[in-house]
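Student: Here's a sequence, model it:
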Amino acid sequence: MKVIVWTKYGSPDVLQLKEIAKPSPKANEVLIKIHATTVTAGDCETRNLKMPILIGLPMRMYVGLRKPNRITVLGQELAGEIEAIGKDVKRFKTGDQVFGTTGLGFGAYAEYICLPEESTMGVLATKPANMTYDEAAAVPTGGLEALHFIRKGNIQRGEKVLVIGAGGSIGTFAVQLAKYFGAEVTGVDSTGKLEMLHSIGADDVIDYTHEDFTRNGEIYDVIFDVPGTSSFSGSIGSLKQYGRYLLANPGLSHTLQGPWTSMRSGKKVFFGAASQKTEDLIFLRDLTEAGQLKAVIDRSYPLEQIAEAHRYVETGQKKGNVVITVNHNTMT
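Tutor: Numbers count the residues shown, from 1 in each chain. Reported below is the predicted structural model:
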């Protein structure tokens, strides 16, 4: 089968197409014929390890000090069809169309993958009936991350929510989920993404290249900063008395100041890794089937052009998600 291997840290050129043996499922696993996966900003940061040292050092120690050893195939999310199951599998059957995440083992940049039916790291569920494989593959990682933080924000109907980095994978789901929970949502991103943000329900938008939200006089109940680029003091100053400041990718200053602020004021700061739960993926599936949630797809690439997809994601210009389509032939 075709697979994109990752053998060293560096530019997108380190991703190489290889042919390897097709895996066979263990007793508790399913074999998935992957039809679509994605390139996330997290995939790019993992590939080159360009991330804050507090995250990058543990990641290097986990993956491999000099080169990737524990993870040799990137790709965190997928949609596909179950081709075979292990003897102990109960929830799925051959032919089921599924979507989900791989967990810390990654491995979705391939034609096939074996995943446990139940896992403490990844999640798997039947895919939304009204979505294509391309659309379904773009939901799990961004959707689950957004759902985790939006719930941390305990959003009440009518509250004002500001989403920074609203035009990316996590941000586009955060905007839609905040709307679903009844918020008045303002999305912050660059000029080229503002029209798209209105199309998915944002009530207002701010172009950060022309306006600093901390200086416009508006205050919010919840500020969700996806990339972690906001000024800590400016964001705290833009929150109401019992406001919540949510950080998906906090910087060092955020992590140092956050707990102190939470203890000393009525404002709360939340950060930390999101846990992935099957029931949450099913919740997202039900919302998509009800027409409350959709995946924003910027563009797609074939598996063979995944390095080009990485280069595009690294420009920071992607709107929503970049999908990798996995085409199969009879030789695999």
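Student: confidence score at Pro259?
Tutor: Model confidence at Pro259, given as pLDDT, is 88.
Student: hang on, isn't it packed against Phe270?
Tutor: No: under the contact definition of CB atoms under 8 Å, Pro259 does not touch Phe270, with a separation of 10.5 Å. Placement of C-beta: from N, CA and C, glycine included.
Student: So which of these two has more stuff around it?
Tutor: Neighbour totals were compared for Pro259 and Phe270, and Phe270 leads with 19 against 11 (other CB atoms under 10 Å).
Student: In a strand, the more buried one, correct?
Tutor: Yes: going by DSSP: H, G, I helix; E, B strand; the rest coil, the assignment for Phe270 places it inside a strand.
Student: so what's it bridging to?
Tutor: Following DSSP bridges, Phe270 is listed with bridge partners Leu246.
Student: give me every residue that touches it.
Tutor: Contacts for Phe270 (CB atoms under 8 Å, 6 or more residues apart in numbering) come out as Phe149, Lys152, Gly153, Arg244, Tyr245, Leu246, Leu247, Gly258.
Student: how close does it sit to Phe232?
Tutor: Plainly put, Phe270 is 13 Å away from Phe232 if you go by CB to CB, to the nearest Å.
Student: residues shared between the contacts of these two?
Tutor: Contact criterion CB under 8 Å, 6+ apart; residues bridging Phe270 and Phe232 by contacting each: Gly258.
Student: any chance of the contacts of Phe270 in TSV, plus neighbour count and distance to Thr101?
Tutor: Output for the contacts of Phe270, formatted as TSV (neighbours: other CB atoms under 10 Å; distance: CB to CB, whole Å):
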residue	neighbour count	distance to Thr101
Phe149	25	16
Lys152	17	19
Gly153	24	22
Arg244	23	26
Tyr245	27	26
Leu246	25	21
Leu247	24	21
Gly258	20	27
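Student: where does Glu218 land in three-state SS?
Tutor: Under the three-state scheme (three-state DSSP), the conformation of Glu218 reads as coil.
Student: Leaving out chain neighbours, which residue sits closest to it?
Tutor: Counting by CB to CB, 6 or more residues apart in numbering, the nearest residue to Glu218 once its immediate chain neighbours are dropped is Ser238, at 6.9 Å.
Student: which residues sit in contact with that neighbour?
Tutor: Going by CB under 8 Å, 6+ apart, Ser238 touches Leu162, Phe213, Thr214, Glu218, Ile219, Tyr220, Ile223.
Student: go on, Tyr242?
Tutor: Shown in contact with Tyr242 (CB under 8 Å, 6+ apart): Asp221, Gly266, Lys267, Lys268.
Student: Using the three-state scheme, assign it.
Tutor: Of the three states, Tyr242 takes strand under three-state DSSP.
Student: ok so, going back, buried members of the contacts of Tyr242 into PyMOL, please.
Tutor: To isolate the buried ones among the contacts of Tyr242 in PyMOL, judged by 16 or more other CB atoms under 10 Å, type:
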select buried, resi 221+267+268
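Student: just curious, which of the contacts of Tyr242 is nearest to Glu111?
Tutor: When the contacts of Tyr242 are compared for distance to Glu111, the smallest value, 45.0 Å, is given by Lys268; criterion: CB to CB.
Student: And that closest one, how far from Asn154?
Tutor: With the distance defined as CB to CB, Lys268 ends up 9 Å from Asn154.
Student: can you check Val222 too?
Tutor: Taken as CB to CB, the spacing of Val222 relative to Asn154 amounts to 8 Å.
Student: Mutual contacts of these two, please.
Tutor: Each of Arg244 lies in contact with both Val222 and Asn154 under the rule CB under 8 Å, 6+ apart.
Student: Those two: which is more packed in?
Tutor: Here Val222 and Asn154 are set side by side on neighbour count (other CB under 10 Å), and the busier one is Val222, at 27 against 13.
Student: Report how many residues lie close to Val296.
Tutor: Val296 sits with 24 neighbouring residues when counted by other CB under 10 Å.
Student: Please tell me I have it right and it contacts Glu195.
Tutor: No: in this structure Val296 lies outside contact range of Glu195 using CB under 8 Å: 11.8 Å.
Student: who touches stretch 285-296?
Tutor: Contacts of stretch 285-296 from elsewhere in the structure, counted by CB under 8 Å, 6+ apart, are 99, 125-131, 135-136, 138-139, 143, 172-173, 176-177, 180, 196, 200, 284, 319-321.
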